[in-house]
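Asks: Output the structure for:
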Amino acid sequence: MNSKKANWLFLSVILLHIVVSVLVTVMSRFFSLHIILNLLLSELLLLIPALFVLWRTEGSLPEKLGLKRIRISTVLMTILFTYLTMPLIVFVNLISMIFVDNQVMELSPQILNAPFPVIFFLMAVYGPFCEETVFRGVIYGSYRRDGKGIAAVILSGLLFGLMHMNFNQAAYAFVIGILLALLVEATGSLWSSVLYHFIVNAQSVCLMYLMKSVAPSALEGAQQGLNLSVIMLFLVLAFYFLLAVAFTTLAVLLLLAIARNEKREQIFYGIFRKKRSAEGATEVHKKAERRILTVPAVAGIVLCLGVMVLEVVIS
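Replies: I've put the predicted structure just below:
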């Protein structure tokens, strides 16, 4: 599978999401979609088009998605890497919350009315597997097979962020998407990004239910957003900025250690190097051959931004 097909997949997913969202909004006059069905449906809209594309591609499913075994030591380092990057994610989330509402917290009343085991499975297991299959397995994998390095990391992260269709989640999901692509590159396995995604989502779900039972007033405050004075907001952001710089530096060093542990150090460094064109091939031909930002991807990006802007205007 190449970049062009991957971008058509992204556009198809976005169009499908918009069409289904409009239908659900229209039908809401007659019935409301329960949060459980909502979560099931939203991930299926990602997974079904991806499985169709994978079915039409040669090779076994583990081979096409990069579902390779990784060492136990790599698993442990991946867990540590996840927690080291969390201050960065929190910092980006806080920045976005200055301008827009926290989307997960807005949905928390509906989420918390559902049974914890069901929500945990949907948000921490089912969701991460579906999203990693599409964005790191199919889309990022296709970009890498076309010879792109850091451009593949950034574009796949951007598409992953925009897929959430709101500015709050798009901001920190973009950062997470970049981290996940780098992690897959360091380990050579999609399982590492699934594990990272699982930990992040599982922690979020557990924290919501814990706050509901232990500190409901704190949960209500979180649902209302950043109601802080200018000075307090500055101090909170400064604290998380310093924390993010320190811990992200450690995370980068750990990522290099993960690549060495999986004997992928040179492959990992390779994504930051520009590959020279093969002898006898023109530069124009090579660029055309390796272009990953094609018309379908641009169309999908424009559609996502349009929906996000419209949502802000309406709200």
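Asks: Name the residues of the host helix or strand of Leu253 that are buried.
Replies: Of the helices and strands defined by DSSP states H and E, Leu253 is found in helix 230-261. Judged by neighbour count (16 or more other C-beta atoms under 10 Å), helix 230-261 contains these buried residues: Leu237, Tyr240, Ala244, Phe247, Thr248, Ala251, Leu254, Leu255, Ala257, Ile258, Ala259, Asn261. In this view, the C-beta of every residue, glycine as well, is placed from N, C-alpha and C.
Asks: Could you pull up the residues touching the third one?
Replies: Just to be clear, that refers to Ala244. Shown in contact with Ala244 (C-beta atoms under 8 Å, 6 or more residues apart in numbering): Pro87, Leu88, Val90, Phe91.
Asks: List just the nearest of those residues to Ile35.
Replies: When the contacts of Ala244 are compared for distance to Ile35 (C-beta to C-beta), Val90 comes out closest, at 24.2 Å.
Asks: The closest one contacts Tyr240, correct?
Replies: Yes. At 5.7 Å, Val90 and Tyr240 qualify as touching, with contact defined as C-beta atoms under 8 Å.
Asks: coming back round to it: contacts for the next helix or strand after the helix holding Leu253?
Replies: Of the helices and strands lying after helix 230-261 in sequence (DSSP H and E), the nearest is helix 265-270. For helix 265-270, the external contacting residues (C-beta under 8 Å, 6+ apart) are Gly149, Leu182, Glu185, Ala186, Gly188, Leu255, Leu256, Ala259.
Asks: what's the distance between helix 265-270 and the middle of its chain?
Replies: 23 Å (C-alpha atoms, centre = their mean, to the nearest Å).
Asks: Phe91 touches Phe241, doesn't it?
Replies: Yes. Checked against C-beta under 8 Å, the pair Phe91 and Phe241 is within contact range at 5.8 Å.
Asks: will you turn the contacts of helix 265-270 into JSON lines that also has distance to Ile95 and pLDDT?
Replies: What follows is the contacts of helix 265-270, written out as JSON lines (distance: C-beta to C-beta, whole Å; pLDDT from 0 to 100):
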{"residue": "Gly149", "distance to Ile95": "28", "pLDDT": "89"}
{"residue": "Leu182", "distance to Ile95": "21", "pLDDT": "97"}
{"residue": "Glu185", "distance to Ile95": "26", "pLDDT": "96"}
{"residue": "Ala186", "distance to Ile95": "27", "pLDDT": "97"}
{"residue": "Gly188", "distance to Ile95": "33", "pLDDT": "95"}
{"residue": "Leu255", "distance to Ile95": "23", "pLDDT": "97"}
{"residue": "Leu256", "distance to Ile95": "27", "pLDDT": "97"}
{"residue": "Ala259", "distance to Ile95": "29", "pLDDT": "97"}
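Asks: would you list the residues you listed in JSON lines and tack on distance to Gly306?
Replies: Conversion of those to JSON lines gives the following (distance: C-beta to C-beta, whole Å):
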{"residue": "Gly149", "distance to Gly306": "30"}
{"residue": "Leu182", "distance to Gly306": "29"}
{"residue": "Glu185", "distance to Gly306": "32"}
{"residue": "Ala186", "distance to Gly306": "35"}
{"residue": "Gly188", "distance to Gly306": "37"}
{"residue": "Leu255", "distance to Gly306": "35"}
{"residue": "Leu256", "distance to Gly306": "39"}
{"residue": "Ala259", "distance to Gly306": "38"}
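Asks: which one of those is nearest Ser28?
Replies: Within the contacts of helix 265-270, the smallest distance to Ser28 is 39.9 Å, found for Leu182 (C-beta to C-beta).
Asks: wait, what's in contact with that closest one?
Replies: Leu182 sits next to Val153, Leu255, Phe268, Ile271 when contact means C-beta under 8 Å, 6+ apart.
Asks: let's go with 10 Å and repeat that
Replies: The contact partners of Leu182, taken as C-beta atoms under 10 Å, 6 or more residues apart in numbering, are Phe81, Ile150, Val153, Gly157, Ser193, Ala251, Val252, Leu255, Ile258, Ala259, Phe268, Ile271.
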